[in-house]
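Student: Output the structure for:
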Amino acid sequence: MNLRALLNILTGRQDSKDVAKERLRLVLVHDRASVSPEFLDKIKEEMIQVISKYMDIDEKQTQIKMHRSEGTAVLEANLAIKSIRRNV
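Tutor: Numbering: from 1, shown residues only. As a prediction, this is how the structure comes out:
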């Protein structure tokens, strides 16, 4: 889920089917990783803030997922990088 999709959910600009699907996804992630959906949202926000200091990213295409692989929780981040901020 990208930041725009999250904002659409929070502001009610999404079909109920999509909202239900996203809620179910968050519940499944929560169950698999033993962390709350709010915790995952906070991680995503902070990752975007930090990375944005060094790179111009397309938040619409940002995806952060948590899943289990071989018994270990995995946090996977996919970011579309527009450019690198070289004057940092």
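Student: Give me the most central residue, this structure.
Tutor: Centroid-nearest residue in the chain, with Cα atoms, centre = their mean: residue 64, separated by 3.7 Å.
Student: Helix or strand for that one, just tell me which one.
Tutor: strand 55-69 (DSSP states H and E).
Student: All the helices of the chain, residue numbers only.
Tutor: Along the chain, counting by DSSP state H, helices occupy 3-11, 16-33, 37-54.
Student: Please tell me I have it right and the residue nearest to the centre of the chain contacts residue 77.
Tutor: Yes: assessed by Cβ atoms under 8 Å, residue 64 is found in contact with residue 77 at 4.9 Å. From N, CA and C alone the C-beta is placed, and that goes for glycine too.
Student: Now the common contact residues for these two.
Tutor: Residues touching both residue 64 and residue 77 by Cβ atoms under 8 Å, 6 or more residues apart in numbering: residue 47.
Student: quick revisit: make CSV out of the helices of the chain and add distance to residue 83, mean pLDDT and mean neighbour count.
Tutor: Formatted as CSV, the helices of the chain follow (distance: least, Cβ to Cβ, whole Å; pLDDT from 0 to 100; neighbours: other Cβ atoms under 10 Å):
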stretch, distance to residue 83, mean pLDDT, mean neighbour count
helix 3-11, 18, 66, 14
helix 16-33, 30, 72, 13
helix 37-54, 10, 87, 13
